[in-house]
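J.: mind folding the following:
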Amino acid sequence: MDELQQLEDWVAPLLAKLEPSRRRALARTIGSELRRGQIQRIREQLNPDGSAYAPRKRDQAGKIKRRKAAMFQRITQARHLKIAANEQGVAVGFLGRVARIARVHQEGLADRVSRDGPSVRYERRQLLGFTDAERQAIRDLLVEHLTR
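T.: Just a heads-up that it's a prediction; the model follows:
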């Protein structure tokens with residue numbers, strides 16, 4: 001059983017006693033904190049375990065095929081990484097076309113480089129996931145909210 005499941009089993013009876021509006025507010029707070037952490041980690045080009053993303057492929061001259069900017073700069077904008085919070089829980093994730101691109105990288109799938117371009121298998125780069133610090137932050141937020 002993973003650490004988040006243990007936390008959920010521990011906190012579920014306590015959360016059930018809260019009013020729906022307070023559970024919703026807590027979910028929104030946790031979602032905002034998670035999104036902030038995910039954005040920071042993606043900008044730093046790190047997997048949840050702290051390892052660096054697999055580097056981009058290079059052409060024959062040894063240059064990165066696209067511009068030299070870091071990967072995933074645009075998808076770290078809040079308009080792409082959405083929070084869905086209600087009294088039942090919270091979800092942080094990508095929507096639409098960005099979600100497809102993120103999934104290809106998250107799972108290391110094959111996709112077309114462009115509409116008529118070749119199909120390429122992308123390296124696995126975990127965009128979304130929990131770090132130890134995020135797990136601890138969730139615990140802290142829950143304890144803080146329940147002791148108010």
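
J.: residue ranges in the chain under the pLDDT threshold?
T.: 1, 3, 58-69 (pLDDT under 70).

J.: can you pull out the strands in it?
T.: 81-86, 89-94, 110-112, 119-121 (DSSP state E).

J.: now these as a markdown table including distance to residue 44?
T.: Backbone N, C-alpha and C define where each C-beta goes, glycine included. A markdown table is the format used below for the strands of the chain (distance: least, C-beta to C-beta, whole Å):
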| stretch | distance to residue 44 |
| --- | --- |
| strand 81-86 | 15 |
| strand 89-94 | 17 |
| strand 110-112 | 24 |
| strand 119-121 | 24 |
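
J.: which of these sits closest to residue 19?
T.: Across those, residue 19 has its closest neighbour in strand 81-86 (13.2 Å, C-beta to C-beta).

J.: okay, buried residues for the closest one please.
T.: 81, 82, 83, 85 (16 or more other C-beta atoms under 10 Å).

J.: over to stretch 23-39?
T.: 23-24, 26-27, 29-35, 37-39.
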